[in-house]
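In: model this:
(chains A and B)
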Protein chains: 2
Amino acid sequence: MSVTAARGFVAAGVAAGIKPTGKRDLALVVNVGPQRCAAGVFTSNRFQAAPVVWSMSALAGGELDAVVLNSGGANACTGAEGLADASAMAEATAAAVNTEAGRVAVCSTGLIGVRLPLDAIRGGIADAAHHASADGGAAAAEAIMTTDTVSKQAAVTSEAGWTVGGMAKGAGMLAPALATMLVVITTDADLTPEQADAALRAATHVTFDRTDSDGCMSTNDTVLLLANGASGLVPDQEAFTEALTGVCASLAHQLLADAEGSSHDIAVTVTHAATEEDALEVARAISRSNLFKTAIFGNDPNWGRVLAAAGTTRATFDAEAVSVSFNGVTVFRTGGLGEDRSLVDLTPREVSVEVDLAAGSTSATIWTNDLTYAYVEENAEYSS
Amino acid sequence: MSVTAARGFVAAGVAAGIKPTGKRDLALVVNVGPQRCAAGVFTSNRFQAAPVVWSMSALAGGELDAVVLNSGGANACTGAEGLADASAMAEATAAAVNTEAGRVAVCSTGLIGVRLPLDAIRGGIADAAHHASADGGAAAAEAIMTTDTVSKQAAVTSEAGWTVGGMAKGAGMLAPALATMLVVITTDADLTPEQADAALRAATHVTFDRTDSDGCMSTNDTVLLLANGASGLVPDQEAFTEALTGVCASLAHQLLADAEGSSHDIAVTVTHAATEEDALEVARAISRSNLFKTAIFGNDPNWGRVLAAAGTTRATFDAEAVSVSFNGVTVFRTGGLGEDRSLVDLTPREVSVEVDLAAGSTSATIWTNDLTYAYVEENAEYSS
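Out: Numbers count the residues shown, from 1 in each chain, chains lettered A, B, ... in the order given. The predicted model follows:
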């Protein structure tokens, strides 16, 4: 049910002393083989954190032996010293698991602009390598939490017999390309680096890339896929991509459900768009409207705010033909008033908003959260 | 000091019964001449409210005799009936001030999707025409308030002797192109429609268009300029544009200072950009970051959130060369840590954030607000 669900992976989560609370703050995932295939996708933010720069370089060969992750500090905007720190984390990990630093990915999360306590981290890495086991997935998932209130894990085993499992963290700065988060997914399927990369890009394109909790893109977003072929099974590429997408979707959903201060998970679906880009542009504009997000917090099916947001886009549609539904109730139909808004019940956490552009045959969904007092509190009262 | 500061304009603000509170809700501004020159800029939202559609058409000839404005209902997303209502408002106003409906602009603000009470409005128009006077500017400014807590007025008289004065409303859905608001500006300078249009576009380009309180663009934004030449003075175009820009800047600042639930007015200035577009793209990305806005609410000079937002743009810059200052304290300098953040005092309402891109010689500022509990309350608890 986690990053150790697939055969041939061991993991650990330990308290290295990075977090002042003494909670678990360092995780290690090791691929025991036989193969060491890997793929990754990273933040498109131009202020890439040092561990992102390091891991992109490490991934160049399409193979990784291990991933070391820490919470308690993002090692972002830390300059050359930060890159040296990321390198030192990889070196310490390589020494502990008997490989080379260039085959170790590094992920960090926490406050931007703070140097990491390297001595504590080196101790944690040695400790984690000592304790890493096939039962360590849950502890590893716990060790990467920051403002997350629960750890996020998912796994699926195919009928053929191969398994995909993973863990994720992320609660704030949660907007795509990629959504702000760290994700490590493992599989015992037998894949080439090209197959792994294609499957990962396809899966993240429709899951993490469409998760937009608060519109803010992080400097550290990383999604890694490790594949070792330990099942001895070569999967059908389509079936594998589908299973991987399912694991990503589950993790993305868990991220939304635990997003900072949120009280609603909102699926904004745009239907009958002329193109996928149009559908995504409209859905994202709505998802990023603070007036829309506060209305949902107030359980108000405010279609006027939905239209005002849609009206800022360049998508193809005729304003007179658009319809808007909340939880299946069409409150605005083909440019005019529809059913009574009092028929809409927005008290459940899950909310579905559908905008029918009547301009084509394509649909897409962006998943977002509402904007609440608790979101403001969490991000105004505490530096993060 | 208002829309009646210039010679040859009369105005009134009355309680027509649109607002259930019984407060003033209908305003009238009449140009007594001798000339009737007019220019306008309108929301770029594709769901243009009926009064916007009407007023754009009325302005086609470059002349207006009067403007009628109401609060208590935006007449937006109301279809053909809404356009008929806007037309009826213009007709009633034309009858009351003895002109043609096609020479009357209409502005509405309030809840989207609600039909206006036409009988009440017709009574209000007759009442306002009866009471319109050169002292009516303050009442008119009051009558267009919605969630505004104070009315917004400004005026300036040039050394040459002509005057520019205006009024504005706007508290939520306050983001540009244009900022969500209604603005009427009058002048007794002698202008051609082309001169009025050029001056208005130049002035709004650097004031209202750079005001972005909450990132949400309205369906009703309207800025009108009426010029009657009553001073008998033909102004220097540059001097007039400067005076008009000053009035617009004052009104824009008053909008920010009264923005829904805000506790800080924030000037986000990007310096040393390669182009004006780059400077504006970076400044706007920062202004729309909820994590940045909540940090300012929490008096936290969180430069990491500033950089994370800047990093989502396509502007030309080298991440290693960027600097960030809060209220003059450079907390992040040329890609690394700068002065101690404890030196920054963010308790005053006015906050200045400067991002130096070190990529050119252009600067631009976007004015925004912080994100507070009160903003969430105002927009979650009340439909608007």
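In: okay, CA-based contacts and neighbour counts for the rest of this
Out: Noted.
In: which helix or strand contains residue A:380?
Out: According to DSSP states H and E, residue A:380 maps onto helix A:373-381.
In: what residues are up against residue A:85?
Out: When contacts are counted by CA atoms under 8 Å, 6 or more residues apart in numbering or on different chains, residue A:85 touches A:116, A:118.
In: distance of it from residue A:220?
Out: 15 Å (CA to CA, to the nearest Å).
In: rewinding a little: so the helix holding residue A:380 versus helix B:373-381, what angle?
Out: 170 degrees (axes from the mean of the first three to the mean of the last three CA atoms, to 10 degrees).
In: is helix A:373-381 positioned near chain B?
Out: Yes - against chain B, helix A:373-381 shows contacts by CA under 8 Å from any CA of the partner chain at A:373, A:376, A:377, A:379, A:380, A:381.
In: quick check: the second one touching residue B:372?
Out: Yes - the pair formed by residue A:376 and residue B:372 meets the contact definition of CA atoms under 8 Å, at 6.3 Å.
In: what do these two both touch?
Out: Contact criterion CA under 8 Å, 6+ apart; residues shared by residue A:376 and residue B:372: residue B:294.
In: got the buried residues for stretch A:69-87?
Out: Residues of stretch A:69-87 classed as buried by neighbour count (16 or more other CA atoms under 10 Å in any protein chain shown): A:69-79, A:82-83, A:85-87.
In: span of it from start to end?
Out: Counting by CA to CA, you get 13 Å between the two ends of stretch A:69-87.
In: how about stretch A:15-28?
Out: Stretch A:15-28 stretches 12 Å from its first residue to its last (CA to CA).
In: swap in stretch A:70-86?
Out: End-to-end span of stretch A:70-86 (CA to CA): 11 Å.
In: how about stretch A:64-73?
Out: Start-to-end span of stretch A:64-73 (CA to CA) is 23 Å.
In: just to revisit the earlier point, most neighbours among the residues of helix A:373-381 next to chain B, which one is it?
Out: Among those, residue A:376 has the most neighbours (other CA atoms under 10 Å in any protein chain shown), with 26 neighbours.
In: tell me where the stretch 1-150 of chain A has strands.
Out: Using DSSP state E, counting those that start in this stretch, the strands of the stretch 1-150 of chain A run over residues A:9-14, A:26-31, A:37-42, A:66-70, A:104-108.
In: nearest to chain B among the residues of helix A:373-381 next to chain B?
Out: Relative to chain B, the closest of the residues of helix A:373-381 next to chain B is residue A:380; by CA to the nearest CA it sits at 4.2 Å.
In: what residues are up against that closest one?
Out: Residue A:380 neighbours (CA under 8 Å, 6+ apart): B:294, B:295, B:296, B:297, B:298, B:299, B:300.
In: relative to chain B, how far out is residue A:37?
Out: Plainly put, residue A:37 is 30 Å away from chain B if you go by CA to the nearest CA, to the nearest Å.
In: could you report the neighbour count for residue A:98?
Out: Using other CA under 10 Å, the number of residues around residue A:98 comes to 10.
In: quick one: contacts for it?
Out: If you count contacts by CA under 8 Å, 6+ apart, residue A:98 has none.
In: ok, now residue A:255?
Out: Here residue A:255 is in contact with A:152, A:168, A:169, A:170, A:171 (criterion: CA under 8 Å, 6+ apart).
In: now the helix or strand harbouring it, how far from the centre of its chain.
Out: Assigned by DSSP H and E, residue A:255 belongs to helix A:237-257. Helix A:237-257 sits 10 Å away from the centroid of its parent chain (CA atoms, centre = their mean, to the nearest Å).
In: quick one: the helix or strand following that helix to helix A:237-257, angle?
Out: Later in the chain than helix A:237-257, the nearest helix or strand by DSSP H and E is strand A:265-273. With the same axes, to 10 degrees applied, the angle from strand A:265-273 to helix A:237-257 works out at 130 degrees.
In: ok, residues contacting strand A:265-273?
Out: The contact list for strand A:265-273 (CA under 8 Å, 6+ apart) reads A:256-257, A:279-280, A:282-283, A:286-287, A:316-317, A:349-370.
In: quick one: low-confidence ranges for the stretch 151-300 of chain A?
Out: A:171-180, A:215-217 (pLDDT under 70).
In: how about the helices of the stretch 51-200 of chain A, start to end?
Out: A:79-97, A:118-131, A:137-143, A:193-205 (DSSP state H, counting those that start in this stretch).
In: which of those sits closest to residue A:212?
Out: Among those, the nearest to residue A:212 by CA to CA is helix A:193-205 (12.7 Å).
In: alpha carbons of whichever helix or strand comes after the closest one, as PDB, please.
Out: Following helix A:193-205 in sequence order, the next helix or strand is strand A:222-227 (DSSP H and E). Taking only C-alpha atoms (Å, rounded to 0.1, in the frame of the first residue of the first chain), the coordinates of strand A:222-227 have been written out as PDB:
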ATOM      1  CA  THR A 222       9.300  16.200  -7.900                       C
ATOM      2  CA  VAL A 223       7.700  13.000  -9.100                       C
ATOM      3  CA  LEU A 224      10.000  10.000  -9.400                       C
ATOM      4  CA  LEU A 225       9.200   6.500 -10.800                       C
ATOM      5  CA  LEU A 226      11.600   3.600 -10.000                       C
ATOM      6  CA  ALA A 227      11.200   0.300 -11.700                       C
END
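In: gap between the closest residue to residue A:83 other than its chain neighbours and residue A:81?
Out: Nearest non-adjacent residue to residue A:83, counting by CA to CA, 6 or more residues apart in numbering or on different chains: residue A:50, 4.8 Å away. Using CA to CA, residue A:50 is found at 9 Å from residue A:81.
In: from the contacts of strand A:265-273, list just the buried residues.
Out: Listed as buried from the contacts of strand A:265-273 are A:256-257, A:279-280, A:282-283, A:286-287, A:316-317, A:351-360, A:362-370; burial here means 16+ other CA under 10 Å.
In: of these, which belong to helices?
Out: Taking DSSP state H as the definition of helices, the buried ones among the contacts of strand A:265-273 contribute A:256, A:257, A:279, A:280, A:282, A:283, A:286, A:287.
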